[in-house]
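K.L.:
Just to be clear, the model below is a prediction. Sequence and coordinates:
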Amino acid sequence: MKKKIAVFTTGWCGEILSEFLAGMYKALEHMSVDIFMFLCYPTYIDSASNKQGELNIFSLPDMENFDGVVIFGSGLNFNDVLDDLVDRAKKADVPVIMQGAKRPGVYYVGSDNYSATLSMCEHLQSKHNVKSIIFLAGTDDSLDSELRLKAVRDYLADRNMSDELKDVFYTKWENSAAERYINNYCKTGKPLPDVFICANDGLAMQTCVSLGENGYSVPEDVLVTGYDYLDDSQIFDPSIASVDQCFTEMGAACGKLWLDIISGKDKSDSLVIPCKFIPGDSCNCYEVRNSDKMRRRIGRETFTKRSQTTYFNRKLNLIDSTILSCLTFQDFKKNFHKLLKENHDYEGDSFHVLLEPNFGLSIYDPTVRLRSSGYNKYMEVVYSSEDGKIFEDELFTTKNLIPGYSGEGENHMYTFLPLHEEEEAYGYIIFRDLMTQVHNHFLQIYQSRMSLVFDKFRHALSLDLINKRLLEVMRRDPLTNVNNRRAYEDREKHLQSEINSGADIRFAIAMFDVNNLKLVNDSRGHEAGDMYLINACHLICNVFKRSPVYRVGGDEFIAILTGEDFERYVSLFNELNNRMSPYSDTLPLPEDYISIASGVSEYNSETDMSVNDVVKRADERMYHNKAKMKGQILGAM
């Protein structure tokens with residue numbers, strides 16, 4: 001059985017994360033080990049409930065089932081989450097390696113941001129005579145961001161220039177925060193600093209854009225620097241002067257450290273990887289590196305990426321249309337499974353969609369609540385394929401994580417992503433060996449789109465069921481529990497549409513009027529009158545078992561006779577008459593007394609232009625029968 005390493009992080013820093021994973025994967029290639037990465041995409045500006053829904057994926061694995069835990073801290077800046085992961089791993093006695101963050105008793109792998117930042121400051125002052133600085137930081141609890149800020153402060157303090165740090169603004173890693181800061185700063189009319197040092201390349205690129213929108217040019221009016229040396233920042237105009245943190249080397253060091261730990265070799269608690277400042281266009285060093293070659297390469301790849309994006313969007317649209325066209329949860333499972341079975345080019349031969357077992361139940365019963373923390377003991381398998389082999393069981397034990405996983409064969413990286421709406425957990429999806437999609441954020445798009453369409457389907461079907469129930473209530477007579485006049489009018493419209501279209505239909509309208517209701521009400525009270533109506537209605541329904549019956553007035557009912565009831569309506573009316581009490585208006589009436597006047601008329605396609613034509617004849621015959629029962633006229637019905 002292969003070893004297993006659990007990796008925890010967020011995916012917003014996709015490029016550096018993929019570099020780190022590639023380095024770690026390479027270091028472990030001669031070891032039989034699989035990487036299980038638990039990935040999510042929360043932000044600082046998310047609602048607390050949405051953040052909970054994303055981070056809940058970290059609660060999925062049992063740490064005892066792993067041989068090592070790696071926390072990529074450069075993408076995970078929530079201290080309470082870091083502390084929880086470390087505590088769980090320690091309780092399971094599993095070695096923990098943290099990158100970009102430190103905790104007591106935990107192995108650390110990081111980059112020498114401090115020295116690289118000192119080199120940056122030295123370059124900016126000696127080469128460009130920079131004095132005044134504004135630092136756009138990440139968060140005040142980020143180890144890397146605070147270490148970079150400390151290096152700037154120490155450099156200035158050593159030269160008695162501390163006052164030249166004009167401002168420190170915490171962006172919480174949000175580019176929009178940097179945009180607001182630059183816009184507000186420019187509105188003050190204060191002179192620009194000599195340089196904006198930004199805590200990552202994303203903030204640096206946004207700073208350049210925002211300065212340009214306010215009429216300033218980089219590097220002509222002000223210099224800008226960043227960190228991470230991303231591909232995007234290298235092809236940006238101006239290319240960003242940045243610190244290369246060597247994440248590939250960092251990942252390799254992490255993998256090697258884990259191998260040393262499990263083999264019992266002597267190892268250091270802390271590994272710091274050298275990194276370096278690389279000048280660029282944004283600090284007015286055009287001659288240091290030529291970004292045009294990379295720009296041409298990226299430009300050449302644009303066509304392929306555009307084609308891939310087009311296919312990807314079509315696949316997402318197909319998923320949307322397939323799911324949202326389903327009218328039941330069973331249809332949803334069947335159709336979605338069929339879609340992925342027939343078309344999984346993007347997802348690959350190892351892909352899994354697992355739902356909370358209460359997801360389907362919550363559609364039909366609003367009292368069924370979905371979990372907001374952790375996952376249920378079992379998951380419902382919507383689609384599961386491992387190495388092309390479909391997992392056939394409907395339920396799967398959650399602690400095993402991956403249906404069909406054998407722990408044999410080549411090394412793989414499994415990526416787990418949450419499906420949720422706000423804090424409500426829907427389930428999770430698993431991709432395998434899609435390193436490129438970590439880099440380009442396709443996984444995040446897939447995950448968020450899948451969560452959204454599942455949520456739309458769930459709420460649409462729930463609302464549809466609620467509407468049907470409300471409609472059923474609106475169409476139901478509360479006393480007799482048969483259909484009411486509104487329901488009859490809807491059915492009448494349907495029959496009329498059949499007549500209008502010339503359809504070959506056969507039906508009859510039966511009219512019923514309950515005799516002596518007022519007499520029962522006056523003599524015994526309205527409760528007795530209600531029971532009398534109920535008993536009369538039961539008799540009609542028991543005789544005309546295959547026909548819908550409608551209460552259309554206080555004591556009036558209509559039945560639409562089709563099929564066998566239509567073919568046998570003469571004998572059925574005889575049965576009705578035989579089961580009724582003899583007509584009487586003399587008090588006291590018997591307890592089981594039931595008397596109903598009735599009339600029936602067939603639809604004649606040659607003469608009847610409307611349902612109402614049939615109703616009129618049935619109504620006339622019903623009153624004729626009522627008069628006969630009262631002895632006012634003679635003759636048969």
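P.N.:
The structure has been received and is ready for your questions.
K.L.:
tell me what the worst-scoring helix or strand of the chain on mean pLDDT is packed against?
P.N.:
Lowest on mean pLDDT, DSSP states H and E among the helices and strands of the chain sits helix 435-439, with a mean of 75. Applying 3 or more C-beta pairs under 8 Å, 6 or more residues apart in numbering; DSSP states H and E, we find helix 435-439 packed against helix 14-27, helix 442-474. Where you see a C-beta, it was placed from the backbone N, CA and C, and this is true even at glycine.
K.L.:
Pick the most deeply packed of the ones you listed.
P.N.:
helix 14-27 (a mean of 22; mean count of other C-beta atoms under 10 Å).
K.L.:
Point out the other helices and strands that it packs with.
P.N.:
Applying 3+ C-beta pairs under 8 Å, 6+ apart, we find helix 14-27 packed against strand 33-40, strand 68-72, helix 247-263, helix 435-439.
K.L.:
Swap in 7 Å and give it another go.
P.N.:
With contacts taken as 3 or more C-beta pairs under 7 Å, 6 or more residues apart in numbering; DSSP states H and E, helix 14-27 sits against helix 247-263, helix 435-439.
K.L.:
which residues make contact with the longest one from outside it?
P.N.:
Contacts to helix 247-263, defined as C-beta atoms under 7 Å, 6 or more residues apart in numbering, come from residues 5, 16, 19-24, 26-28, 31, 67-68, 70, 95, 97, 99, 107, 109, 111, 267, 271, 273.
K.L.:
angle of it against strand 68-72?
P.N.:
If you take axes from the mean of the first three to the mean of the last three C-alpha atoms, to 10 degrees, helix 247-263 sits at 160 degrees to strand 68-72.
K.L.:
how near is the residue most central in space within the chain to residue 493?
P.N.:
Centroid-nearest residue in the chain: residue 451, 1.5 Å away (criterion: C-alpha atoms, centre = their mean). Applying C-beta to C-beta, to the nearest Å, the value for residue 451 to residue 493 is 40 Å.
K.L.:
a markdown table for the helices and strands packed on helix 435-439, including distance to residue 220 and mean pLDDT?
P.N.:
Shown next, in a markdown table, are the helices and strands packed on helix 435-439 (distance: least, C-beta to C-beta, whole Å; pLDDT from 0 to 100):
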| stretch | distance to residue 220 | mean pLDDT |
| --- | --- | --- |
| helix 14-27 | 28 | 93 |
| helix 442-474 | 36 | 85 |
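K.L.:
So which of those helices is nearest residue 402?
P.N.:
In terms of C-beta to C-beta, the element of the helices and strands packed on helix 435-439 nearest to residue 402 is helix 442-474, at 16.5 Å.
K.L.:
taking the helices and strands packed on helix 14-27 together, which one is wrapped up most tightly?
P.N.:
helix 247-263 (a mean of 21).
K.L.:
Quick check: buried residues in the helix or strand that that helix is followed by?
P.N.:
Once the chain leaves helix 247-263, the next helix or strand it forms, by DSSP states H and E, is strand 270-273. For strand 270-273, a neighbour-count test (16 or more other C-beta atoms under 10 Å) marks 271-273 as buried.
K.L.:
which other residues reach strand 270-273?
P.N.:
The contact list for strand 270-273, computed with C-beta under 7 Å, 6+ apart, reads 108-112, 246, 249-250, 253, 257.
K.L.:
Go through stretch 220-230 and flag the buried ones.
P.N.:
Residues 222-230 are the ones in stretch 220-230 that count as buried (16+ other C-beta under 10 Å).
K.L.:
Also stretch 515-523?
P.N.:
By neighbour count on 16+ other C-beta under 10 Å, the buried set for stretch 515-523 is 515-517, 519-521.
K.L.:
which outside residues touch it?
P.N.:
By C-beta under 7 Å, 6+ apart, the surrounding residues in contact with stretch 515-523 are 528-529, 532-533, 555, 583, 585, 587, 589, 595-597, 626, 629.
K.L.:
Kindly report the same for stretch 8-16.
P.N.:
Stretch 8-16 is contacted from outside by 17, 38-42, 58, 71-72, 74-76, 85, 228, 230-231, 247, 438-441, 443-444, using C-beta under 7 Å, 6+ apart.
K.L.:
Only C-alpha atoms, please: export it in PDB.
P.N.:
Output of stretch 8-16 as PDB, limited to C-alpha atoms (Å, rounded to 0.1, in the frame of the first residue of the first chain):
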ATOM      1  CA  PHE A   8      -4.100  21.700   2.800                       C
ATOM      2  CA  THR A   9      -4.300  25.100   1.200                       C
ATOM      3  CA  THR A  10      -6.400  27.500  -0.800                       C
ATOM      4  CA  GLY A  11      -6.100  27.800  -4.600                       C
ATOM      5  CA  TRP A  12      -6.000  31.500  -5.200                       C
ATOM      6  CA  CYS A  13      -2.200  31.400  -5.500                       C
ATOM      7  CA  GLY A  14      -2.400  28.800  -8.200                       C
ATOM      8  CA  GLU A  15       0.800  29.500  -9.900                       C
ATOM      9  CA  ILE A  16       3.100  29.300  -6.900                       C
END
